[in-house]
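*Asks:* The following block contains a protein sequence and its predicted model.
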There are 2 protein chains.
Amino acid sequence: MNDNLSADRPTFVTHLECSLTGECYAAEQLYNLSRAGRPLLVRYDLDAVRAAVPREALAARATDLWRWRELLPVRHTRNVVSLGEIETPLIPIPGSSGAPTVWVKDEGRLPTGSFKARGLVMAVAMAKELGVTRIAMPTNGNAGAALAAYATRVGIETIVFCPDDTPEVNVREIAAQGARVWRVNGLIDDCGAIVGKGAAEGRWFDFSTLKEPYRIEGKKTMGLELAAQLGWRLPKAIFYPTGGGTGLIGMWKAFEELERLGWIGPERPRMFAVQAAGCAPIVRAFEAGEEHAERWEDAHTIAAGIRVPRAVGDFLILRAVRESGGRAVAVGDPAIVKAVDDCARRDGLLLCPEGGATLAAYRQALRDRLVDEDEEVVLFNCATGLKYPLPAADQRLDRHGAIDFDVL
Amino acid sequence: MNDNLSADRPTFVTHLECSLTGECYAAEQLYNLSRAGRPLLVRYDLDAVRAAVPREALAARATDLWRWRELLPVRHTRNVVSLGEIETPLIPIPGSSGAPTVWVKDEGRLPTGSFKARGLVMAVAMAKELGVTRIAMPTNGNAGAALAAYATRVGIETIVFCPDDTPEVNVREIAAQGARVWRVNGLIDDCGAIVGKGAAEGRWFDFSTLKEPYRIEGKKTMGLELAAQLGWRLPKAIFYPTGGGTGLIGMWKAFEELERLGWIGPERPRMFAVQAAGCAPIVRAFEAGEEHAERWEDAHTIAAGIRVPRAVGDFLILRAVRESGGRAVAVGDPAIVKAVDDCARRDGLLLCPEGGATLAAYRQALRDRLVDEDEEVVLFNCATGLKYPLPAADQRLDRHGAIDFDVL
């Protein structure tokens, strides 16, 4: 039996810290951004973790997200919430060579069909722990669905705002799972402005990306898991679809924590922040050598999940990418569509458009000699491809007529 | 690292056996039905398995479907195919009491979003092992998607036939994953007739449910997994959505094999075969005390996956249900819709209609005192709820106007 959900295990959180100024904040209190208007990062007593649990002990637990409890912020087991946050599989994409140098980490297997479950399961558990009763959030779809599912499960009221062209399946999923959902004539930051206004009036707690400190702790489990799955080493490069960038920041934080624990060495993957050509603020800032990214006007791409014109954690994304020796790269929608189609048709794996963007970016990086063919890389497929429109396939056969088997 | 896909491990298959007459067939040959026109079952040297691998050794392997290799038919590791067949999570449905007596086994987390992946990964691996190059299959949707994905991955050509009202997402998914798919004006057995005709002409190999012997071996891993997850005991009752019934037959076979291995005792769950009121041939046969089930005319239900008017393994389903002390039960579409809606709205878990049918049947069984509230039961959610239409949720907010926060 999986006792990750029921065993009392300690958290080793010491405090929170402003990601810009380093200013300290006491744990076990409710926060949005720091006084400097920046994301707060959770800090742990890693020496104590090292003394308390060898990595083999964690690796031997049932392989779900909650096995990392000592590296997560939840204090009381009664606040742990779960819809089955399994370790997501690494699926090889057969290359020209026999060796599996390209892995897809298939995050579509998580509850509500996307990696947003990692961040939201943690943020909701902490909201429960800290007494939040009403949450609002802007979303491009998947985050709202994950929030709705977990908040419903713990009895927290939820209101979600999404751009009016958010895929129908996402909007319906959010509503079916007990949240109230509103379509807004704008983009995700326009939705965020409404959430911020309501929060300022004390109507709800603001759950926007990186505006509360715990989603990043959930997302960092992608990095912890990857290290454990690869036998406590890391790939040479990671291609990550980057909207708000919580996952990229979270993995970078995870790698640092793992090294300080002595569980991995100093080697790091080159981090590739993948954006769509129609919405690439991080790429523009990366290429200009800027520390912050300006809002991208007239954002458009079929990969709705990375249609994020402005990211509050822009400097953290850019810092991780640069420190790693990676790049921020943009790919066009046609390359995304082709990558999704090729992967399904050749490898039997249906990626979401954002996952397709990572494959397109990997191909581009191969051409640009930013990665070698024999380097082991991991692409993040952040959601199930089943949530997105697929091409029509309308062939009909009349069983009452004569069947010409030769044309089937 | 998961070495389940790369380690050479023996199979312990001895032969195949007609499920009706017991007639023996040599292993490592291509078969459809037995000479008596019935499904073939794969038999193993279980004494040798017991001597070769303690259950703890299997349990310690990476928790995917391929960890059961010694109890599966694939002989050569090079024929193992995988898209990440993870162990699916057991998710508690909070009841009135605190104890999790009701678990949902969430099969929607498997590749292509349904439990069909279990059967098809095995059948395709064996088709590869036995030299098949062209496969045809009738499907209500999910089986076709799983076949397409795995067959594409190993380079086998595939042609799929589905009823013309099969959900659009399934048809598109099948085509996107490289199979040719035809809509047919009829039900799944009408599609099956076309597949059978082409097979008789030597145009392809017939992959219909139970008409080749290996899908059931893949499906039996549901039973193996459940036993391992619950610490080598079984629940008091299992509610299983029953169309062709491969999974129910497969689990029953798994339990028998586990007992003969000495890994579980003689206790069995009561098996509840759940059908829709609009297509309930097994229920009708169960109640009439028949050994076989007649075709159900004018089949209709929103739970397309269990709209199977005639099952070639009818007598095996009925036998398992009766031996277990369980029942075949039918639930109406309104009860299915209500169960799906309640579970999403209260527990944050989006079931597919067939999964909803098991919850509806459980509720009905509680009312009819066929199960007690404090008995541990497992419901099978056989596919992700995201593949199915959800109610519209159309609320719009104009960000340019004045926002009345009180009504949000």
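*Replies:* Alright, I've got the coordinates. Numbers count the residues shown, from 1 in each chain, chains lettered A, B, ... in the order given.
*Asks:* list the buried ones in the helix or strand of chain A with the lowest mean pLDDT?
*Replies:* Sorting the helices and strands of chain A by mean pLDDT, DSSP states H and E puts helix A:55-59 at the bottom, at a mean of 89. By 16 or more other CB atoms under 10 Å in any protein chain shown, the buried positions in helix A:55-59 come out as A:Arg55, A:Leu58. Heads up, the C-betas are built off the backbone N, CA and C, glycines and all.
*Asks:* Next SSE downstream of it?
*Replies:* Note on helix A:55-59: by DSSP states H and E, the next helix or strand toward the C-terminus is strand A:90-92.
*Asks:* Partner strands of the helix or strand following that following strand and their direction?
*Replies:* Per DSSP H and E, the first helix or strand lying C-terminal to strand A:90-92 is strand A:102-106. Sheet pairing of strand A:102-106 (DSSP bridges) gives strand A:90-92 (antiparallel), strand A:377-381 (parallel).
*Asks:* hmm, who's touching the last one?
*Replies:* This points to strand A:377-381. Residues from elsewhere that reach strand A:377-381 (CB atoms under 8 Å, 6 or more residues apart in numbering or on different chains): A:90, A:93, A:101-108, A:115, A:222, A:226, A:235-241, A:247, A:269, A:349, A:351-352, A:354-355, A:358-359, A:362, A:371.
*Asks:* low-scoring pLDDT stretches of chain A, where are they?
*Replies:* A:1, A:95-100 (pLDDT under 70).
*Asks:* Tell me which stretches of it form strands.
*Replies:* Secondary structure of chain A (DSSP state E): strands at A:13-18, A:24-26, A:40-44, A:90-92, A:102-106, A:134-138, A:157-163, A:180-184, A:205-206, A:237-241, A:270-276, A:327-331, A:377-381, A:396-397.
*Asks:* Off-centre distance for stretch A:354-374?
*Replies:* Put simply, stretch A:354-374 sits 19 Å off its chain's centre (CA atoms, centre = their mean, to the nearest Å).
*Asks:* Can I get it in CSV, CA atoms only?
*Replies:* In CSV, the C-alpha atoms belonging to stretch A:354-374 read as follows (Å, rounded to 0.1, in the frame of the first residue of the first chain):
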residue,chain,number,x,y,z
GLU,A,354,3.1,22.8,-26.3
GLY,A,355,4.8,19.3,-26.2
GLY,A,356,5.0,19.5,-30.0
ALA,A,357,6.8,22.8,-29.6
THR,A,358,9.5,21.2,-27.6
LEU,A,359,10.0,18.5,-30.3
ALA,A,360,10.1,21.3,-33.0
ALA,A,361,12.6,23.2,-30.9
TYR,A,362,14.8,20.1,-30.4
ARG,A,363,14.8,19.6,-34.2
GLN,A,364,15.8,23.2,-34.7
ALA,A,365,18.5,23.0,-32.0
LEU,A,366,19.9,19.9,-33.8
ARG,A,367,20.0,21.9,-37.1
ASP,A,368,21.6,24.8,-35.3
ARG,A,369,24.2,22.5,-33.6
LEU,A,370,23.0,23.6,-30.2
VAL,A,371,22.7,19.9,-29.3
ASP,A,372,24.4,16.8,-30.7
GLU,A,373,22.4,13.8,-32.0
ASP,A,374,24.0,11.5,-29.4
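*Asks:* Pull up the residues of the stretch 1-150 of chain A that are close to chain B.
*Replies:* Contact residues, the stretch 1-150 of chain A versus chain B (CB under 8 Å from any CB of the partner chain): A:1-2, A:62-64, A:82-84, A:86-91, A:106, A:109, A:111-113, A:148-150.
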